[in-house]
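A.B. asks: here's my sequence, what's the structure:
(chains A, B, C and D)
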Number of protein chains: 2
Amino acid sequence: MTIRQDIHNSEIPVLCQSCEARHRGLCGALEPSQLVVLAKQSWKQQVETGSELVGDAEKVASYSNVLSGVIKLSKTLADGRQQIVGLQFAPDFLGRPFKAESALNAEAATEVSLCSFPKASIERMMKESPELEHRLLVQTLKELDEARDWMVTLGRKTASEKVASFLLLIARNIDPAGPAPQKEVVFDLPLTRADIADFLGLTIETVSRQMTILRKDGVIAIENNRHVTVRDMERLGRRAGD
Amino acid sequence: MTIRQDIHNSEIPVLCQSCEARHRGLCGALEPSQLVVLAKQSWKQQVETGSELVGDAEKVASYSNVLSGVIKLSKTLADGRQQIVGLQFAPDFLGRPFKAESALNAEAATEVSLCSFPKASIERMMKESPELEHRLLVQTLKELDEARDWMVTLGRKTASEKVASFLLLIARNIDPAGPAPQKEVVFDLPLTRADIADFLGLTIETVSRQMTILRKDGVIAIENNRHVTVRDMERLGRRAGD
DNA sequence: CGATAGTTTGACACAGCTCAATAGGCGTGG
DNA sequence: CCACGCCTATTGAGCTGTGTCAAACTATCG
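C.D. replies: Residues are numbered from 1 along each chain as shown, chains lettered A, B, ... in the order given. Modelled structure (predicted):
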C-alpha cells in the first residue's frame, strides 16, 4: 500500500469502512467529511441478550445504528400485559427523533452490536443535510408499513396464521445477505417463546402448540428449540394467510 | 378594505386563506410564494361517505390534505377478512410518498372534504424545501406512534377495553378545536358498528354488546345509534386499560 | 449430575365467535 | 300521517379457539 492510498482511504473513517449502515443504512446519506465528524463522536458497543437499551419514559441521549442482532420494541400496560410492537434488524436505525422521551421499551433480543452517537450530533447534521432527513423519512415510512401489516396479523389472523406469519417475517429478515427467495431457509429464532407470544398477542402455550402442528405437518423442522428449518417457504406463506 | 390590504392578502392564495392545513398541517411548511404555486395546481373536493379514495395496489397520482371528516385506512386478507389500520382526521395528510402503488385502501368513513394536488408537485417541492420533508417526517412519526399504540390494543386488550379505547380515540380526535380535557364529551360516531369491529379486530355483535354494557353502566349514553355522550372521560379512560 | 430456565403437553374454563331472530331508524310512497 | 321496506344494530343461545393452570419434559451450564 502506498502513502497515496492511505490518504485516500482516510477520507472514510476506519470505524465506518466495513460498516453495513454506511451502505444500506442511515450513514449512506452522509458525505465523507460528515462521516469523519460523526465518527469522532460515535462508538461501537456490544450488548448482551436481555439488556435494556431504552426504557419507557426515559430520557434518550443517543441514537444508534443496529449492526447485528435483533432488538425488540415493546409496550406494557399498567397491569403488566406486554406487546412487542416491532423488531429491528441490521441496518435499522434505533431512536425516535424530535422527542426527548421514549414511549416504548427497547431491549436486545439477541446479542446486539450497535454504533451509537449523541442525539445532538445527528440532529445538528439533519439540519445541514436534507438527505439525512430523507433517509430517516424513508425508514420511518417502512416501519409504518410494517406496523400496519402487523396490525392485520394481530387483529384478524388465527393463532396458526399468526405463528406462520412470524416465522415468515424472521426468515425474510434474519439473513443479512438479503432476501434470497429459496425454497428452504434455515435460521435460529431470535426470540424466546415468551417473546413470540408477546409479539403475536398470544400465550406461550398457544405458540408452542402451533409450532408443534407446523412441525408435525412437515412445514418446518425444529432442533434445540431455537434452530428452525423452513422446509418450504411457499407452503409457510400459504399458512400465514395472505 | 383598502387596495393596500388587498395586495397584502393576495400573498396567500384565496383557496388557502381559511385552511386548517395551512396552520397545523403540511402547508404550514410552505412560503407564501410556494403556496401560490401549489394552490394553482390544487383543487378542493367534497367526497361522500363510502367512496373509495385510494384502492389497494392502485397507482396514486395525487396527495391530499384532509380538511374535514374521517378517512379509514384498511387492509384486506385474501379471504375477505378486513382490518382498519388507521383513521385520518383533519388536518392529516393523505398519501404514501416514494411509492407508486398504495398498499392499502382509503375510504371516506364520513363526508370528507379534501384539498388535493398532483403527486409530482409535492415531490418537486419537497426537493426544494427541506421544511416540507421535515413536516412529513413528523406526521409519519406521529402515525407510527399511533399504529404502535393500537397494536397494544389489538394484541393485548379485552373486548371491553378495546371498545373503550376506540371511544376514547374518537373523543380525542373528532373535535377540530383541539383537545379540551373536559369531563363530558359529545360526538357522532364516524364509523358504523361493522367499521368499529374491523378497527378493533372484533365482530359487530361483540362491539354492540360492549357498547350496551358501557351504556348500562352509565359511562356513556347513546342516541340514534350514532350520537354518543361520554359522561366521564376519566372513567372511560380507566375502562380502556392504560 | 443436579439446578435452573425454557418448552411442551394435557385438562378444563371462558371470552368472544357464529348463527338466528328481533328491534329500531329512516326514507319512500300512498 | 301512517305503512312499508331496507338497512343497521341489538339480543339470545350455543359453540369453539384460545387462555389458564398444572405437570412433565429438555437443554444448558456450573
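
A.B. asks: all strands for chain A, in order.
C.D. replies: Along chain A, counting by DSSP state E, strands occupy A:43-47, A:52-54, A:62-68, A:70-76, A:82-89, A:93-94, A:105-108, A:112-118, A:185-188, A:220-223, A:227-230.

A.B. asks: okay, the ones you listed in TSV with mean pLDDT next?
C.D. replies: Formatted as TSV, the strands of chain A follow (pLDDT from 0 to 100):
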stretch	mean pLDDT
strand A:43-47	93
strand A:52-54	91
strand A:62-68	94
strand A:70-76	97
strand A:82-89	97
strand A:93-94	95
strand A:105-108	96
strand A:112-118	94
strand A:185-188	94
strand A:220-223	96
strand A:227-230	96
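
A.B. asks: so which of the ones you listed gets nearest chain B?
C.D. replies: strand A:82-89 (4.0 Å; C-beta to the nearest C-beta). Quick note: C-beta positions are derived from backbone N, CA and C, even for glycine.

A.B. asks: does chain B sit close to the closest one?
C.D. replies: Yes: Strand A:82-89 is in contact with chain B by C-beta under 8 Å from any C-beta of the partner chain, via A:Gln82, A:Gln83, A:Val85, A:Gly86.

A.B. asks: which residues of chain A score low on pLDDT?
C.D. replies: A:1-10, A:176-180 (pLDDT under 70).

A.B. asks: of all the residues in it, which one is nearest DNA strand D?
C.D. replies: A:Thr206 (3.1 Å; C-beta to the nearest atom of the strand).

A.B. asks: now that residue: how far from B:Thr158?
C.D. replies: The spacing between A:Thr206 and B:Thr158, counted by C-beta to C-beta, to the nearest Å, is 16 Å.

A.B. asks: more neighbours, the two?
C.D. replies: Higher neighbour count among A:Thr206 and B:Thr158: A:Thr206, with 18 against 11, using other C-beta atoms under 10 Å in any protein chain shown.

A.B. asks: list the contacts of the more buried one.
C.D. replies: A:Ala159, A:Ala197 (C-beta atoms under 8 Å, 6 or more residues apart in numbering or on different chains).

A.B. asks: so for chain A, the centremost residue is which one?
C.D. replies: Chain A has A:Gln88 as the residue nearest its centroid, 1.3 Å off, counting by C-alpha atoms, centre = their mean.

A.B. asks: how far does stretch A:125-134 sit from its chain's centre?
C.D. replies: 23 Å (C-alpha atoms, centre = their mean, to the nearest Å).

A.B. asks: who's in contact with the nearest residue to A:Pro97 once chain neighbours are set aside?
C.D. replies: Excluding the flanking residues, the one nearest A:Pro97 by C-beta to C-beta, 6 or more residues apart in numbering or on different chains is A:Leu136, at 6.6 Å. Contacts for A:Leu136 (C-beta under 8 Å, 6+ apart) come out as A:Leu26, A:Phe93, A:Pro97, A:Met126, B:Leu137.

A.B. asks: walk me through the domains of chain A.
C.D. replies: A:3-152, A:157-240 (automatic domain parsing).

A.B. asks: out of those domains, flag the one nearest B:Thr76.
C.D. replies: domain A:3-152 (8.5 Å; C-beta to C-beta).

A.B. asks: distance between the closest one and the chain's centre?
C.D. replies: 10 Å.

A.B. asks: enumerate the residues of chain A near DNA strand C.
C.D. replies: Residues of chain A lying near DNA strand C by C-beta under 7 Å from any atom of the strand: A:192-194, A:204-205, A:207-209, A:211-212, A:222, A:225-226.

A.B. asks: and the angle from the longest helix seen in chain A to helix B:130-156?
C.D. replies: As assigned by DSSP state H, the longest helix anywhere in chain A is helix A:130-156. Angle of helix A:130-156 versus helix B:130-156, following axes from the mean of the first three to the mean of the last three C-alpha atoms, to 10 degrees, is 20 degrees.

A.B. asks: does DNA strand D sit close to helix A:130-156?
C.D. replies: No: judged by C-beta under 7 Å from any atom of the strand, helix A:130-156 and DNA strand D are separated, with a smallest distance of 10.2 Å.
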